[in-house]
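Q: next one to model:
(2 chains)
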Amino acid sequence: MSFVSTFNSLPLSELHKFSLHASVNDGSGKGLAGFAALISPAAELEELARRAHEVTLRHFGRTIRLFAPLYLSNECINVCRFCGFSRDNPILRVTLTPEQVEMEARYLWEQGFRHILLVAGEHPHFVSGNYLRDCVARLHPDWPSISLEVGPMETEDYRRIVAAGAEGLVVYQETYDRSVYSAMHKSGPKMDFDWRLETPERAYAAGFKRLGIGALLGLADWRIEALAVAAHVDYLLRNCWQAQVTVSIPRLRPAAGEFQPMVRVADRDLVQFVCALRLTYPEVGIVLSTRESAKLRDGLVPLGVTMMSAGSHTEPGGYTGQGREELHLTKGGRRVELSLPLIDSEGEHATEQFQIADGRSPSEVAGILSRMGYEPVWKDWEGALNEAS
Amino acid sequence: MADRRKAGLVTMTDKPQRLRIASRDFTSRLIMGTGKFASGELMAAAIEASGAEMVTVALRRADLTGKGDKFANILTFIDAKKYVLLPNTSGARTAEEACRLARLGREATGSDWLKLEIHPDPRYLLPDPIETLKAAEILVKEGFTVLPYIHADPVLAKRLQDAGCATVMPLGSPIGSARGIETRASIEIILEQATVPVVIDAGLGAPSHAAEAMEMGADAVLVNTAIAVAADPVRMAGAFQAAVEAGRAAYEIGLAPKRREADATSPLTGFLTP
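A: The predicted structure follows:
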């Protein structure tokens, strides 16, 4: 039974109502009911934070794993209202060749990263399974850990990418609210909610060892999203039991298209979500990107975060300017030839997916972690563990 | 010793004072883990304070390329002349992955000692008995000195011993759980039957847990989380060292048997004396 049927029979609105009126002691602290009580408005946040800190220490110690995203392509055939890469946005696009990807990766390597996340829009032509496999195969000899965050694919495609040396797959459902999902995704294969929802299971069947999920906070009520994410975690822990499950907590950021969040998710909401996740699922990895400010990121470290990106660029070629000569403008998915002066402009680069909020360099972030009493861990995996049998 | 004899004290001779693993002698019966520390420097200081002579390091944290990667430098904090390095295969989920990692590790570290850990469930990190036995059989043949991390399963312990493992390392409770020796009854059977040293690994959250393991007759304990995440890891390392020594001494001396009731003050068979 896939998560889709579990999800369809999930009493989400009852759990939501319960979460609004529960006290922390309701639900006996276990499972979804326990999680619902932890995200209650009545919960004492400082107390949750103290408990979450203790649990995090015991399970992960004083360490934070660092990683960097590497954007391969911002081509996309989906129309998603909140995403800078949305097909209808008239933006500068490019898909890096595997050679160019290697150049970008080399830059990240010199910064210290040994864990890399390859990110791309969804485009069967530019970002095909074979293309992704080639990118992974090129990086695998050097990189201990390679993950992907790309459009959902068939198990067979995933299998080839795993065989090339990939370890993890990240896919955000964006929103677990079906009606909001439909309103956000106006065109393209991403309109299929269930296909996306089953992606982590297909990835697991193909041999991925780390599965990342998450909701893009700011589209629907955060408590409902949090409950759905928790239910998804629960399902994956039971069914995909050999995988390390990680949860990301992205909040909407300004991006091309000027989309405004549908709902407000306050800093304290985000903190409560992290603490509730940590207390209910002590072993789950929690991932924090540069979408959040330096102050909030530093504050969240002791509460449950286990993996952080640093010094990120969210556009292809963002680190070393790779692919600049191939930049092109698309309107409504069609390529528009650019006038020469724009292409020649030195500072020109592909359009980013969203703006980052923490612009500190990787070494600055590492230095601050050390001063906070945490070891920044650059390498915590080994390529030999990813080789196909 | 002469003084003690004069005082009428006898030390039992079937309890060797030294720990011997694969023909190597150790004075310390505390093995240290190196994960979860706030820094390499703090880890090194805690190891020093623990008096440990053997330390285990996750190969996934180390540079295995031989290029001296300064971003994967955990091994540089461990003086190879001072400590026996026990690389471990944490992260491996199958025998094949563990073997591959072990071979790479041997090339990179020069140590053929190996803590074999295969835990496919990243949630509780409980060891897979089937894959562990499979890997142990292969690695022993390849010349590794294999110390396998296992559940407290007496039959599995026997099978691994027969396969040529240098120790068995049953868990007290899940890694990092600090729940102490929850597998006591099975560990007692393992201790009773073992022909190789038995190291209690995982779940020892307090010095008293370590002392308990030693009092039970364990040959050594492996401790990591309880020291690494303590507010003062260096002092906590010392506390564990003291506990291990106290527990071992008590075992060598012999503990008084536990009784439900007080001893009768006048002997019941006193009438037999002439």
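
Q: so A:V287, which state does it fall into?
A: Three-state assignment for A:V287 (DSSP: H, G, I helix; E, B strand; the rest coil): strand.

Q: tell me if A:L70 really is in a strand.
A: Yes. A:L70 sits within a strand when classified using three-state DSSP.

Q: and the longest helix for the chain?
A: No chain specified, so I'll use chain A. For chain A, the helix that runs over the most residues, judged by DSSP state H, is helix A:222-239.

Q: was after chain B, sorry
A: Longest helix in chain B, counting by DSSP H: helix B:233-253.

Q: and it, how far from the chain's centre?
A: Mean-position distance between helix B:233-253 and its chain equals 13 Å (C-alpha atoms, centre = their mean, to the nearest Å).

Q: let me know whether that helix sits next to chain A.
A: No. Helix B:233-253 is not in contact with chain A by C-beta under 8 Å from any C-beta of the partner chain; minimum separation 9.3 Å. Every C-beta, even on glycine, is put in place using the N, C-alpha and C of the backbone.

Q: buried sites along that helix?
A: Within helix B:233-253, the residues scored as buried using 16 or more other C-beta atoms under 10 Å in any protein chain shown are B:233-234, B:236-241, B:243-248, B:251.

Q: residue of the stretch 1-150 of chain A nearest chain B, please.
A: A:G61 (2.1 Å; C-beta to the nearest C-beta).

Q: which residues does the residue nearest to that residue when sequence neighbours are not counted contact?
A: Nearest residue to A:G61 in three dimensions, chain neighbours excluded: B:K36, at 2.1 Å (C-beta to C-beta, 6 or more residues apart in numbering or on different chains). Residues near B:K36 by C-beta atoms under 8 Å, 6 or more residues apart in numbering or on different chains: A:60-63, B:176, B:224-225, B:228-229.

Q: do that again at 10 Å, thanks
A: For B:K36, the contacting residues are A:57-63, A:375, B:43, B:176, B:224-229, B:233, by C-beta atoms under 10 Å, 6 or more residues apart in numbering or on different chains.

Q: mind listing which of those residues are in helices?
A: Those of the contacts of B:K36 lying in helices (DSSP H): A:57-60, B:43, B:225-228, B:233.

Q: which one of these has the most neighbours?
A: The most crowded member of the ones in helices among the contacts of B:K36, judged by other C-beta atoms under 10 Å in any protein chain shown, is B:I227 (30 neighbours).

Q: closest one of the ones in helices among the contacts of B:K36 to B:A206?
A: B:A226 (6.7 Å; C-beta to C-beta).

Q: got the residues of the stretch 101-250 of chain B near chain A?
A: Proximity of the stretch 101-250 of chain B to chain A (C-beta under 10 Å from any C-beta of the partner chain) is limited to residues B:101-105, B:119-125, B:128, B:174-178, B:205, B:224-226, B:228-230, B:233.

Q: switch the cut-off to 8 Å
A: B:101, B:104, B:120-124, B:176-178, B:225, B:228-229.

Q: select only the buried ones of those residues in ChimeraX?
A: Applying 16+ other C-beta under 10 Å to those, the buried members can be selected in ChimeraX as follows:
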select /B:101,104,120,121,122,123,176,177,178,225,228,229
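
Q: which residue sits closest to A:R253, ignoring its sequence neighbours?
A: Nearest non-adjacent residue to A:R253 (C-beta to C-beta, 6+ apart): A:F354, at 4.0 Å.

Q: err, A:L270, not the other one
A: Spatial nearest neighbour of A:L270, excluding adjacent residues (C-beta to C-beta, 6+ apart): A:I249 at 6.1 Å.

Q: tally up the residues packed near B:K134, please.
A: Residues near B:K134, counting by other C-beta under 10 Å: 18.

Q: ugh, wrong one, I meant B:E142
A: Other residues lying near B:E142 total 13 when counted by other C-beta under 10 Å.

Q: for the residue nearest to it when sequence neighbours are not counted, pull up the helix or strand it's in.
A: Spatial nearest neighbour of B:E142, chain neighbours left out: B:R103 (7.6 Å); criterion: C-beta to C-beta, 6+ apart. Element membership for B:R103, per DSSP states H and E: helix B:95-109.

Q: what pLDDT, on average, does that helix get?
A: Over the span of helix B:95-109, the pLDDT mean works out to 94.

Q: can you list contacts of that helix?
A: A:382, A:384-385, A:387, A:389, B:59-60, B:62-66, B:75, B:85, B:87, B:89, B:91-92, B:111-112, B:114, B:116-118, B:131-132, B:134-135, B:138-139, B:142, B:144.

Q: now the buried members of the residues you listed.
A: Among the contacts of helix B:95-109, the ones that count as buried (16+ other C-beta under 10 Å) are A:382, A:384-385, B:59-60, B:62-64, B:75, B:85, B:87, B:89, B:91-92, B:111-112, B:114, B:116-118, B:131-132, B:134-135, B:138-139, B:144.

Q: among those, which lie within helices?
A: B:131-132, B:134-135, B:138-139.

Q: now, the most widely separated pair of the residues you listed?
A: Once C-beta to C-beta is applied, those give B:E131 and B:L139 as the farthest pair, at 11.9 Å.

Q: list the residues that contact whichever residue of the stretch 151-274 of chain B sits closest to chain A.
A: Closest contact between the stretch 151-274 of chain B and chain A, by C-beta to the nearest C-beta, is at B:V229 (4.7 Å). For B:V229, the contact set (C-beta under 8 Å, 6+ apart) comprises A:57-58, A:61-62, B:36.

Q: how does it look with 10 Å?
A: By C-beta under 10 Å, 6+ apart, the neighbours of B:V229 are A:54, A:56-62, B:35-38, B:176, B:178, B:205, B:236.

Q: wait, which of the ones in helices among the contacts of B:K36 is closest to A:V305?
A: A:F60 (9.2 Å).

Q: where does the stretch 1-150 of chain B dip in pLDDT?
A: Scanning the stretch 1-150 of chain B for pLDDT under 70 picks out B:1-16.

Q: circling back: flag the least confident of the contacts of B:V229.
A: Among the contacts of B:V229, B:G176 has the lowest pLDDT, at 80.

Q: quick check, A:L118 in a strand?
A: Yes. Applying three-state DSSP, one finds A:L118 inside a strand.

Q: bridged to it, which residues?
A: A:L70, A:L148 (DSSP bridges).

Q: mind listing what it touches?
A: With C-beta under 10 Å, 6+ apart, A:L118 has these contacts: A:69-73, A:101, A:104-105, A:127, A:132, A:135-136, A:139, A:146-150, A:161, A:166, A:170.

Q: can you name the next helix or strand after the helix or strand of chain A with the lowest mean pLDDT?
A: Sorted by mean pLDDT, DSSP states H and E, the helices and strands of chain A end with helix A:340-344, the least confident at a mean of 49. Downstream of helix A:340-344, the next assigned helix or strand under DSSP H and E is helix A:362-371.

Q: what is the mean pLDDT for that next one?
A: So the average pLDDT for helix A:362-371 ends up being 95.

Q: for stretch B:220-235, same thing?
A: For stretch B:220-235, the per-residue pLDDT averages 96.
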